[in-house]
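> sequence first, then the predicted structure:
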Amino acid sequence: MQLAQHAQEVTVGSASSRSLGAALRKLRTEHNPPLTLDDVAKHMEWSQSKVSRIERGLIGVAARDVRSLTAFYGTDDQDMVDTMVKLATAGRRRNDWHQYTDVLPRQFATYLGLEPEAKSLHSWEPNFVPGLLQTESYARALVAVYRKGQTEAEVARRVEARMERQALIRGMSAPLLHAIVGESVLHQVVGDREITRNQLDSLITIANRPNVDVQVLPWAAGAAMPTEGGFQILRFADDAAGEVVCVDLRTQVSYIDKPAEVSAYRDAWEDLLSKAAPPQDSLRMIRAAAEELDP
């Protein structure tokens with residue numbers, strides 16, 4: 001059974017909101033005596049649903065409300081309160097990627113808002129070079145094929161967003177990016193031979209960055225644990241934020257953050273990792289594929 005077949009699309013808050021929600025839930029349940037959602041809702045003059053959504057990290061909460069909640073819970077640890085207020089402020093930051101919702105699905109803009117908060121990104125792409133590693137010309141050729149019927153301006157906007165997104169892996173505090181690609185990616189001509197050759201050369205260069213690992217799943221490795229296309233796993237510095245899986249389907253982006261479902265994708269990733277060629281062998285495969293494209 002393909003892993004994404006029964007995945008439900010969920011609303012995913014920022015990693016900061018998720019961490020804050022987990023901390024607030026812990027304070028509530030460890031209060032003596034434990035407080036219920038209804039107790040908190042009545043005190044704050046909110047609905048139980050709002051309290052629940054805050055604790056699950058699905059919505060943000062104002063800094064002043066964090067102070068009111070921690071006071072209600074009897075917290076006297078000022079450092080903890082200050083940390084939670086900072087999380088509240090970070091969690092309510094505007095997601096600048098929503099400026100691209102004219103050409104990107106709103107759900108994907110949400111994913112792009114999560115990426116900078118991840119400590120590591122684990123990407124499986126069986127069909128093409130991952131977006132964070134694409135050259136501009138490769139991205140343009142790919143977008144033009146996958147999004148037929150677009151105007152030149154819309155294609156340009158999509159490519160602009162993809163190139164802007166790549167700043168993430170070049171920053172001083174760049175997360176680890178571990179990408180596994182199918183061997184077919186190395187041999188599929190996108191745009192033309194020159195564009196594909198330049199893309200493979202770029203992939204070799206980027207793979208030498210200390211925060212980037214690129215591996216190839218060889219044909220000879222046999223079938224890997226089945227998934228519905230590629231997926232990305234985002235892992236955050238704070239364990240309370242959990243992990244988020246993004247599955248980019250043809251017509252929508254699905255998010256998965258339920259532990260049991262995330263675990264299935266983690267198992268799929270580990271299976272891919274066990275079968276992928278080691279990094280240095282993968283680079284040799286990429287280099288050989290690039291040389292095959294020489295005139």
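Nice, I can see it.

> where do the helices sit along the stretch 151-295 of the chain?
Here the stretch 151-295 of the chain has its helices, by DSSP state H, counting those that start in this stretch, at 152-165, 184-187, 193-206, 259-275, 279-292.

> tell me the buried residues in the shortest one?
With burial defined by 16 or more other C-beta atoms under 10 Å, the residues of helix 184-187 counted as buried are 185-186. Using the backbone N, CA and C atoms, a C-beta is placed for each residue, glycine as well.

> could you name the helices and strands sitting against that helix?
Under the contact definition 3 or more C-beta pairs under 8 Å, 6 or more residues apart in numbering; DSSP states H and E, helix 184-187 sits against helix 279-292.

> shaky segments in the chain?
1-15, 90-98, 106-107, 110, 240-241, 250-252 (pLDDT under 70).

> hmm, what's the outermost residue in it?
P33 (38.3 Å; C-alpha atoms, centre = their mean).

> what's the helix or strand for it?
Here P33 is covered by no helix or strand, with elements defined by DSSP states H and E.

> burial count for V214?
A count of nearby residues for V214, using other C-beta atoms under 10 Å, gives 24.

> which residues does it bridge with?
Legend: beta-bridge partners of V214 under DSSP bridges are A179.

> for it, give me its contacts.
Counting by C-beta atoms under 8 Å, 6 or more residues apart in numbering, V214 touches 133, 179-181, 203, 206-207, 279, 282-283, 286.

> turn these into JSON lines, columns for distance to A63.
Converted to JSON lines, the contacts of V214 look like this (distance: C-beta to C-beta, whole Å):
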{"residue": "L133", "distance to A63": "38"}
{"residue": "A179", "distance to A63": "37"}
{"residue": "I180", "distance to A63": "40"}
{"residue": "V181", "distance to A63": "43"}
{"residue": "L203", "distance to A63": "43"}
{"residue": "I206", "distance to A63": "39"}
{"residue": "A207", "distance to A63": "42"}
{"residue": "P279", "distance to A63": "44"}
{"residue": "S282", "distance to A63": "46"}
{"residue": "L283", "distance to A63": "47"}
{"residue": "I286", "distance to A63": "48"}
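
> hmm, back to that, check the gap between the residue farthest from the centre of the chain and G74 for me.
According to C-beta to C-beta, to the nearest Å, P33 and G74 sit 12 Å apart.

> same deal with T101?
42 Å.

> so between those two, which is more surrounded?
Ranked by neighbour count (other C-beta under 10 Å), T101 and G74 place T101 first, with 14 against 9.

> is it true that the more buried one touches A109?
Yes: using C-beta atoms under 8 Å, T101 is in contact with A109, at 5.4 Å.

> right, I'll call it a day here.
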